[in-house]
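*Asks:* based on what follows, work out the 3D shape:
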Amino acid sequence: MDAGTSAVLAGGIAGAVSLGGTWITFQQAKRQTKSEAQLQLREPRKRTYSDFLLACREALNALADLREEETQEANAGRIEHTVDQHQPMLQRALAAVSLEGPEMVSEAANKTVKAFGELHRQAFVWNASGGDTHDDGRPVGFSNDYTQDIRIALDHYLKEARKSLATSADG
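*Replies:* Predicted structure coming up:
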């Protein structure tokens, strides 16, 4: 092989190595930029998701506190009133989650608020119908786990929120 051909080959190899190095650097920079963008999105979302979770848990705890120790029942009127009291806070937190997104988290949050609304509707219907009474004349209240549907929806919300917050850095 003559010197000219060797020089051309050497130059071609050097160019290929340089191009390969540039491509690898570009890919690393692209991954870094994406990771930084995910982290910048993560913190505001984390606060928004946390605020929604806190609002739901406060409402859920207030509902659970309605259960009377003696009867293990909760008065339908008090359930209705408690949901009414927490509804504005739940709606504000839901609006923030809906704006922040993504859609899967927003849908899960919406289902959670709907579960509160369904319990409210059940309590309202119970109150409107006059309810039932115990043998001693006390009104029959909601027994068993009247907050179960809310807790199930909230667990689903939490899973979706965690998925949304996950980044490649969490690996």
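
*Asks:* contacting residues for His156?
*Replies:* 108, 111-112 (Cβ atoms under 8 Å, 6 or more residues apart in numbering). C-beta here means a position set from N, CA and C on the backbone, and glycine is covered the same way.

*Asks:* can I get those residues in CSV with distance to Pro102, pLDDT and neighbour count?
*Replies:* Output for the contacts of His156, formatted as CSV (distance: Cβ to Cβ, whole Å; pLDDT from 0 to 100; neighbours: other Cβ atoms under 10 Å):
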residue, distance to Pro102, pLDDT, neighbour count
Ala108, 10, 97, 22
Lys111, 15, 98, 17
Thr112, 16, 98, 30
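
*Asks:* nearest to Ala166, of these?
*Replies:* Ala108 (15.0 Å; Cβ to Cβ).

*Asks:* could you pull out the strands in this structure for me?
*Replies:* In the chain, no strands are defined using DSSP state E.

*Asks:* report the buried residues of stretch 148-159.
*Replies:* Within stretch 148-159, the residues that count as buried by 16 or more other Cβ atoms under 10 Å are 149-151, 153-154, 156-158.

*Asks:* if we can go back for a sec, quick one: which of the contacts of His156 sit in helices?
*Replies:* 108, 111-112 (DSSP state H).

*Asks:* phi, psi of Thr147?
*Replies:* Dihedral pair for Thr147: phi -100, psi 10, per degrees, to the nearest 10.

*Asks:* when you give positions from now on, start the count at 104
*Replies:* Okay, using 104 as the starting number, the last item reads as Thr250.

*Asks:* number of nearby residues for it?
*Replies:* Thr250: 22 surrounding residues under other Cβ atoms under 10 Å.

*Asks:* what of Ser232?
*Replies:* Ser232, neighbours per other Cβ under 10 Å, totals 9.

*Asks:* what pLDDT does it get?
*Replies:* Ser232 is assigned a pLDDT of 78 by the prediction.

*Asks:* that'll do, ta.
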